[in-house]
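Participant: Here is my input; please provide its structure:
(4 chains)
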4 protein chains.
Amino acid sequence: MATATKSAAEKSSETTYRNKDAVNGEFVHVDAIDWQTMPEPFAHGGICWKLLHVSPELGAWTAYYKCPAGSYFSAHIHIGPGEYLLTKGKMEVRGGSAKGGETAYALGYGFEPSSARHDKTYFPIDSEFYMTFVGPLHWINEEDGSTVAITGWKELQDVWLQQTGQ
Amino acid sequence: MATATKSAAEKSSETTYRNKDAVNGEFVHVDAIDWQTMPEPFAHGGICWKLLHVSPELGAWTAYYKCPAGSYFSAHIHIGPGEYLLTKGKMEVRGGSAKGGETAYALGYGFEPSSARHDKTYFPIDSEFYMTFVGPLHWINEEDGSTVAITGWKELQDVWLQQTGQ
Amino acid sequence: MATATKSAAEKSSETTYRNKDAVNGEFVHVDAIDWQTMPEPFAHGGICWKLLHVSPELGAWTAYYKCPAGSYFSAHIHIGPGEYLLTKGKMEVRGGSAKGGETAYALGYGFEPSSARHDKTYFPIDSEFYMTFVGPLHWINEEDGSTVAITGWKELQDVWLQQTGQ
Amino acid sequence: MATATKSAAEKSSETTYRNKDAVNGEFVHVDAIDWQTMPEPFAHGGICWKLLHVSPELGAWTAYYKCPAGSYFSAHIHIGPGEYLLTKGKMEVRGGSAKGGETAYALGYGFEPSSARHDKTYFPIDSEFYMTFVGPLHWINEEDGSTVAITGWKELQDVWLQQTGQ
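Facilitator: Numbering: from 1, shown residues only, chains lettered A, B, ... in the order given. This is a model prediction of the structure:
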C-alpha cells in the first residue's frame, strides 16, 4: 500500500502543506523606484517600467509603464486577464479608433480578457499606465502568430532583479 | 445508473457547459462616469466612488475612489487579495505610521493580502485611489469584530445601478 | 517628499516584494491522512473531512469529505467559485431534484459559482466528494440569512492543525 | 476632451460593463459523457479525456483523464497552478520516485504550481485522474524547451466541440 511505503520524512513534509503563513501586505512609493528600460523585441522607442508586485501562487504581477511619444509594444497575447489604468496620455490599441481599434485617453480604465491579442500598441504622445496581470504575456510574430517568448512573473522578476543590480 | 435516469433535456443542457464565449474587453473613460457617494456605515466624510468593472466568475471588481480631507472608511476585512494605486493625497492605514500602521503617499502602490484587516482608514488630505479586488469586503464592528455586512461584486453592482438610475 | 523620508530599512524590505520564490509542488496520499470530524453547527450526522491544500495568496483551499447516510451541511454561501467531484454516493442540493433542486450521483462533477447559496445539503446514502474552493464559506441562518461564521483557508487550517494535534 | 467625443452608443455599451449576470451553476454526470482521445503529440498510448468545465474569465478549465498502462503525456509546463485527484492507478512524474521524481498512487492529491515543468508523465498501470487548471498548458520539446503549442480553455473547448460533433 502507498501508505505503508511512506517514510517518516515524507509524512513530516506533507504536514507543512496545511500549515502555511498568511501572505504579507506590501507598500511601495512608486517614485522611489528607478525606471528601467523595457528591452527589445518587446518594446520600442524607450518604454520604461517599474515592477511593483509579483504573486507567485497565481502567477499574477503588477507594473507601471512610461511610454514616450512614438513608442510601442510588439504584438502579444494576454494569457490571463489584465486591467489597466491609463494615468497619462493616449494609447492606440489595434490601430486606434481611426483603424477600427480603440484609442484610450487618460484617465482611462481597460479590461483585457484572457486570450486578448494586441498587435502593435502605440503611444502617439507621452503616456503612462498602471496594469495588473494574471498569467504571462505571450509575445508573437505579428505575421504568423509564432511564439517569440512567454514572459510571466518569474521571467519578469529575473529581468527586474538583473536590471536593478540585485 | 445515473446515466439511465437522465432525461434528454438534462443531457442537452449539460452539453452547453462546454461551449462558452470568450469574455469581452472593456474600456471606460473614467472622467465620463459621474461620482456617486459611498453610503454610511461603510464610508464617512463624503467619500465618492466609480464602479469600473465586475468579474462575476471570480468575484473580482474594480473601483476608483475620491476621499476628501478628513474622510475615512469603517473597519473591514479584505476577503481576497486587493491591489491599489494611490494616485493623489495620503492614506493612513491602521492608524498611520505615527501609530505603528502605515502612511501611504501618492504615487503609491499597495498589496493587501487575503484576510487583511483594516480598522479605520483615514485620509488627512484630499486623496484618490484606484483598486482591484478579488472577493468581497467584510465590514465589521471595530470593537468585537462582528459582521456588519459583506459586500461583493453583486451587492456593489446593485448599489451602483441604483445610484446611477439604471 | 515621500522618497526623501524613506529609510534604508524600508527600502530594503521593499525590494523583497519583487524577489520571491516560486511556490512548491505538493503531493499527499489521501489514505495516509486520518479523517477528522466536521464540527457543528456546520455539519451534522458525522461528516468527516481531510484538508488537502491551502493557497494563502488567493484564499483557495481543497478538501475531501466523507458523508454518512443521513448527514448534511448547514446553509451556506460560496463566497467564491468552487468545483467538486462526487466520487461516491448521492448528494441532494437545494432539496434534491424531488423539490426542484438537484440530486447529484457519483461520478458527478459540479461547479458552484461565486455567491451560490446552498441551504441544507443532504446525503441520503454514504457519500464522498472532493472539492476545490476559492474564498471562504459564509455560513448563514437558513431563516433570515444572518451570518453564523465565515470560514476561509486560515480558519480551516487552524481547525485542522488543532484537530490533528499539530 | 475624451468625454466630449463619446457617442451615445459608446456610452450605452459602457454601462453594460457594470450590469452583469451572475454565473450559472453546473452539474454533469461524468459517466454520461463519452471518452474522447487525446491527440498526439500531446498524449501517447491511448489517453482519453472528458472536458468537464471551462471558465473563460480566469482561463481556468477542468477535465477527467483515463490513461491506459504504458501511456504518457509529452513534456509540458503548467502556466498557472493546477490541482489533481488521482482516482485510480499510478502516475510517474519526472521519472517517478526511482529516478528522483515522484510516483503518485491513488487515492492521491497533488498541487502543481505556476511554471511547474513536467517532462514525460508516465502511467505504468491503468490510471484515472481529475484535474482543475488555471491557465493553459505550454507543450514543449523536451530537448530544447522550444514551444510546440499553448493549449488553454479556448483551444481545448474547440477540440472538444469538434471531437463530440457539436
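
Participant: which ones are touching residue A:48?
Facilitator: Residues near residue A:48 by CB atoms under 8 Å, 6 or more residues apart in numbering or on different chains: A:35, A:36, A:37, A:38, A:65, A:66. (Glycine included, C-beta is placed from N, CA and C.)

Participant: make it 6 Å
Facilitator: A:35, A:37, A:66 (CB atoms under 6 Å, 6 or more residues apart in numbering or on different chains).

Participant: Just give me the neighbour total for residue A:99.
Facilitator: By other CB atoms under 10 Å in any protein chain shown, the residues close to residue A:99 number 10.

Participant: Look up phi and psi at it.
Facilitator: phi -120, psi 20 (degrees, to the nearest 10).

Participant: Could you list the low-pLDDT ranges of chain A?
Facilitator: A:1-15 (pLDDT under 70).

Participant: Tell me which residue lies nearest the centroid of chain A.
Facilitator: residue A:133 (5.2 Å; CA atoms, centre = their mean).

Participant: Need the nearest residue in space to it, chain neighbours excluded.
Facilitator: residue A:82 (4.5 Å; CB to CB, 6 or more residues apart in numbering or on different chains).

Participant: Quickly find the element holding the residue nearest to the centre of chain A.
Facilitator: Residue A:133 belongs to strand A:127-134 when elements are defined using DSSP states H and E.

Participant: helices or strands up against that strand?
Facilitator: Counting contacts by 3 or more CB pairs under 6 Å, 6 or more residues apart in numbering or on different chains; DSSP states H and E, strand A:127-134 is packed against strand A:60-67, strand A:82-88.

Participant: CA atoms only: put the helix or strand following that strand into PDB for me.
Facilitator: Using DSSP H and E, the next helix or strand after strand A:127-134 towards the C-terminus is strand A:137-140. What follows is strand A:137-140, C-alpha atoms only, in PDB (Å, rounded to 0.1, in the frame of the first residue of the first chain):
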ATOM      1  CA  LEU A 137       2.300  37.700 -21.800                       C
ATOM      2  CA  HIS A 138       2.800  35.600 -24.900                       C
ATOM      3  CA  TRP A 139       4.800  37.600 -27.400                       C
ATOM      4  CA  ILE A 140       4.200  36.600 -31.000                       C
END
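
Participant: and strand A:137-140, how far out from the chain's middle?
Facilitator: Relative to the chain's own centre, strand A:137-140 is displaced by 11 Å; criterion: CA atoms, centre = their mean, to the nearest Å.

Participant: contact partners of that strand?
Facilitator: With CB under 6 Å, 6+ apart as the criterion, strand A:137-140 contacts A:42, A:75, A:76, A:77, A:79, A:148, A:149, A:150, A:151.

Participant: contacting residues around the last one?
Facilitator: When you say that, I think you mean residue A:151. Per CB under 6 Å, 6+ apart, neighbours of residue A:151: A:136, A:137.

Participant: longest helix of chain A?
Facilitator: Secondary structure of chain A per DSSP state H: the longest helix is helix A:153-163.

Participant: how big is the angle separating that helix from strand A:127-134?
Facilitator: 130 degrees (axes from the mean of the first three to the mean of the last three CA atoms, to 10 degrees).

Participant: wait, does helix A:153-163 contact chain B?
Facilitator: No. Counting by CB under 6 Å from any CB of the partner chain, chain B has no neighbours in helix A:153-163; the shortest distance is 13.1 Å.

Participant: So what touches that helix?
Facilitator: Contact with helix A:153-163 is made by A:36, A:51, A:54, A:59, A:61, C:18, D:115, as judged by CB under 6 Å, 6+ apart.

Participant: again with stretch A:108-127
Facilitator: A:67-69, A:71-73, A:75-78, A:80-86, A:88-93, A:142, B:23, B:25-30, B:52-53, D:59, D:154.

Participant: Return the residues of chain A in contact with chain D.
Facilitator: So chain A meets chain D at A:2, A:59, A:80, A:105, A:114, A:115, A:135, A:147, A:154 (CB under 6 Å from any CB).

Participant: Mind putting the contacts of helix A:153-163 into a markdown table with neighbour count and secondary structure?
Facilitator: Formatted as a markdown table, the contacts of helix A:153-163 follow (neighbours: other CB atoms under 10 Å in any protein chain shown; DSSP: H, G, I helix; E, B strand; the rest coil):
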| residue | neighbour count | secondary structure |
| --- | --- | --- |
| A:36 | 15 | strand |
| A:51 | 22 | strand |
| A:54 | 23 | strand |
| A:59 | 27 | coil |
| A:61 | 27 | strand |
| C:18 | 24 | helix |
| D:115 | 20 | coil |
